[in-house]
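> Below is the sequence, then the predicted model.
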Amino acid sequence: MSIQKKTFAVSGMSCAACAASVGSIAAAQAGVLDAKVNYATHTLLLAYDENAELESIRTAVQQGGYDLLIEAEDALASSQQAQQQHYQQLKKRLLGAGLFTLPVFILGMFFMEAPYANYIMLLMSSPVLFYYGRSFYTNAWQQARHRRANMDTLVALSTAIAWIFSLFNTFYPEYWHSRGLHPHVYYETAAVIITFILLGRVLEARAKAGTAAAIAGLLSEQPDTVMRLSNGQAEEIPLAMVAPGDCLLVRPGEKIPVDGLVAGGNSYVDESMLTGEPVAVSKLVGDRLLTGSVNQSGRLEMTAERVGRETLLAQIVRRVQEAQGSQAPVQQLVDKIAAIFVPVVLGIALLSMGVWWLSGADNAFSHGLLALVTVLVIACPCALGLATPTAIMVGVGRGASLGLLVRDAESLEKALTIKRVVLDKTGTLTAAKAEVHHLQWHPQAGEAAALEAILLGGEKLSDHPLAQAIVRHFEQKNTRHLEVDAFENIPGKGIRFEVAGRSWLAGNKALLEANGVRLSAFWQEQALDASSFSTVWFADEQDALACLYLHDPIKADAKALVAALQNKGMEVSLLSGDRPETVEAVAQQLGIKHWQGGMLPGDKAQAIQQFQAQGQPVAMIGDGINDSEALALADLSIAMGQGSDLAIDVARVTLLHNDLSRIPAFFGLARKTVGTIRQNLFWAFVYNLIGIPIAAGLLYPYNGFLLNPMLAGGAMALSSVSVVLNSLRLKYTRLS
């Protein structure tokens, strides 16, 4: 069975209960395996099989009062565009509502006994409710048709009841006069509630737009048009028309439009946006070019390889989008609460009115009506629904700006539980690129410069990684090389070659022994411990002339990483497939007490399971195919961005810049993000736990206080905005 995952933009949602409705509607459709709605981004992540019909799913969502934009190629971009348009509409509606509400508020609060005041307030409040605030009523009606309720239901009921009650009192005041009561009107209450909620939604929409800044920044790294070369002629075409195999021209100062290879020219390219390396990289024919990097100096011709959604930049953006749309485990509880929140609030509102009505207190009906309206207004689930997704959006976006690609929100929560961090050696703590550490010549070898030229000539013809390291070493010294007359590669041992009529050897001890080369007493007396090095011997037909000691250098920031993790209270282990002697040497240099060498991929996975069996949640950091099994088993997996594709696919977090200092920053980011989620949820729950009883009139018997619906509307709007603003602090907080 083929399973597809795709994200769609959703329009028409106004609260967390809306998101829950869309999710339940979509999940109930044939062929849908999973449906997750992100209220913060207004997107729906669907997992579905071949039996699913997207048009049918969209129809079902439309019947619920929302819409699914299935035609859009980029769901996030479509969602952002729709939200931007919605934001502009909200601002216009808020401005109009505010102009009409102000005189109603002044009359209702200070000049309520003025002649014809009630009729003027009726005239001025009607456009606020039924024109500028009409969406609340149409959405509430659509929900009611499908036996659902959301935030718009609460707003529509509260304001409509207040307005209809005021309308009755305006035209039939004698009903209350005959009972010795004053016929109060609440036009200003209904109008101010609508205006307050519109203000809250404008601020919320504006604040939420800022949470997508990281993705917008990544998307802006692509040019809109490119120069395509055809028959020697350059033509400017839209980026979307580029196909694999096209030859493109990139001039100095322009951004690389797609992933590909240099086909002509040479230049220096700034890849810091993707790799974090501040120094521009030299690019020659055959070198790889990445989307979004900047051509600095020369003219480049390139062959397009990966375009559109297949480029590395597009994959990064997609991963960030998926992570921002993912749900933390705590969100599952929040979603369940949001789904039943509105019906419960309706019940509480009706109950509070009934208790007031039957209490026998003075003006019981009026107080009961006010309590009903206030409960409906103050019990907004928006803050509850925004608490988790906004923090995740900002946190994941902050991570992306630091080169930390977090695949899902669950990884952030799991990071807080980690007790042990398992590190791979090669490519993670070390550069995975051999270097010559030391070159020892035999005292009687002869002139070193002449012999280096001979050795370099032979090694230049070998493709072995150690030979390439030796070549780099001598080329950095500007050593000249001699031409080789004959060359033979001996697998597993080294090379034999001829220069100037003489035979020379370069390789391991087995090569020397097989050719009868003597190792004089000098080599037995060497103080340099070769146990943690790879050695390459250079000899003529009779004697060993030199020994080169090569090693994989430890990264400059590796020791600081280990110290930072240990300072956070985590145990650190080093597991490697390299020789135990080499692994021990690296562990000692970095201060790692627990290490193991000579491990196969299955051994690493087994070690992870053993740690977990001891009650230690494990984070695994690696880069190679041999780390993939361990990465998959670990509670938290972090892959180096320059590692294998398999390791990156398995890992939950990818370190794009290969900067080890970003790993402690990730744990700091996780702690700050999860802490922000908990703060948001705490205040959202506290707001409702305190606000609803007060709105129902709990304090009235003790001190005569009854919450004004207008204040309730302001408090409700403030609660949603405060949650978003608290989440936005993650963009600037220190991740220590």
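Good, I have the coordinates. Residues are numbered from 1 along each chain as shown.

> in terms of contact, does L550 touch L439 like I think?
No: contact status for L550 versus L439: not in contact, 9.8 Å apart, counting by Cβ atoms under 8 Å. Backbone N, C-alpha and C define where each C-beta goes, glycine included.

> how about low-confidence regions in the stretch 301-450 of the chain?
Applying pLDDT under 70 to the stretch 301-450 of the chain picks out residues 316-339, 360, 377, 379-386, 432.

> How about the stretch 101-250 of the chain?
Scanning the stretch 101-250 of the chain with the threshold set as pLDDT under 70 gives 150-151, 176, 179-182, 200, 203-222.

> can you give me the strands for it?
Listed in chain order, the strands of the stretch 101-250 of the chain (DSSP state E, counting those that start in this stretch) span residues 225-230, 233-238, 247-250.

> Can you tell me which of these is most buried?
When neighbours are counted by mean count of other Cβ atoms under 10 Å, the highest per-stretch mean among the strands of the stretch 101-250 of the chain falls to strand 247-250, a mean of 21.

> Could you list every helix and strand in contact with that strand?
Applying 3 or more Cβ pairs under 8 Å, 6 or more residues apart in numbering; DSSP states H and E, one finds that strand 247-250 makes contact with strand 225-230, strand 300-306.

> Go through those and name the closest to G31.
Put simply, out of the helices and strands packed on strand 247-250 the one that sits nearest G31 is strand 300-306, at 30.5 Å, with distance taken as Cβ to Cβ.

> and the angle for that closest one with strand 233-238?
When axes from the mean of the first three to the mean of the last three Cα atoms, to 10 degrees is applied, the directions of strand 300-306 and strand 233-238 differ by 40 degrees.

> Please export the C-alpha coordinates of strand 300-306 as CSV.
As requested, the backbone C-alpha atoms of strand 300-306 are provided in CSV (Å, rounded to 0.1, in the frame of the first residue of the first chain):
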residue,chain,number,x,y,z
LEU,A,300,30.5,30.0,-13.8
GLU,A,301,28.6,27.7,-16.1
MET,A,302,26.8,24.9,-14.3
THR,A,303,24.8,21.8,-15.2
ALA,A,304,21.6,21.5,-13.2
GLU,A,305,21.1,18.3,-11.3
ARG,A,306,18.4,18.8,-8.7
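
> just how off-centre is that strand within its chain?
Put simply, strand 300-306 sits 29 Å off its chain's centre (Cα atoms, centre = their mean, to the nearest Å).

> Enumerate the beta-bridge partners assigned to V37.
L44 (DSSP bridges).

> Skip ahead from the helix or strand encompassing A391 and say which helix or strand is next.
Applying DSSP states H and E as the criterion places A391 in helix 382-401. Scanning forward in sequence from helix 382-401, with DSSP H and E defining helices and strands, the next element found is strand 404-406.

> Quick check: neighbours of that following strand in the sheet, parallel or antiparallel?
Counting by DSSP bridges, strand 404-406 is paired with strand 653-655 (antiparallel).

> Which positions in the strand it pairs with come out as buried?
Using 16 or more other Cβ atoms under 10 Å as the test for burial, strand 653-655 gives 653-655.

> Count the residues that sit near P127.
Residue crowding around P127 was assessed by other Cβ atoms under 10 Å; the count is 17.

> Which residue, other than its chain neighbours, is closest to it?
In space, and not counting its chain neighbours, P127 is closest to F100: 5.4 Å by Cβ to Cβ, 6 or more residues apart in numbering.

> With S727 instead?
Of all residues beyond its chain neighbours, the one nearest S727 is T390 (3.9 Å), with distances taken as Cβ to Cβ, 6+ apart.

> so that neighbour touches V724, yeah?
Yes: contact criterion Cβ under 8 Å: T390 and V724 qualify, at 5.3 Å.

> Which one's more surrounded, the two?
T390 (30 against 26).

> do you know how far that one is from N726?
Here the criterion is Cβ to Cβ, to the nearest Å. By it, T390 lies 8 Å from N726.

> now do Q63
Taking Cβ to Cβ as the criterion, Q63 is separated from N726 by 36 Å.

> Compare neighbour counts for those two and give me the winner.
More neighbours sit around N726 than around the other of Q63 and N726, counting by other Cβ under 10 Å; the figures are 19 against 12.

> The more buried one against N680, yeah?
Yes: in this structure, N726 is within contact of N680 by Cβ under 8 Å, at 5.9 Å.

> any common contacting residues for these two?
A391 (Cβ atoms under 8 Å, 6 or more residues apart in numbering).

> Was I right to think D627 contacts L423?
No: with contact defined as Cβ under 8 Å, D627 does not reach L423; the gap is 10.0 Å.

> So these two - more neighbours on which side?
In this view D627 and L423 are compared by other Cβ under 10 Å, and D627 has more residues nearby, 33 against 27.

> per-residue pLDDT, the more buried one?
Each residue has a pLDDT score; the one for D627 is 73.

> Same check on G492?
Reported pLDDT at G492 in the predicted model: 68.

> same check, this time on the one 10 residues further on
The confidence metric pLDDT takes the value 90 at R502.

> hmm, back to that, and the residue nearest to P127, what does it touch?
Taking Cβ under 8 Å, 6+ apart as the definition of contact, the neighbours of F100 are 124-125, 127-128, 132, 191.

> which stretches of the stretch 251-400 of the chain form strands?
Counting by DSSP E, counting those that start in this stretch, the stretch 251-400 of the chain has these strands, from start to end: 259-264, 267-270, 281-283, 288-289, 294-295, 300-306.
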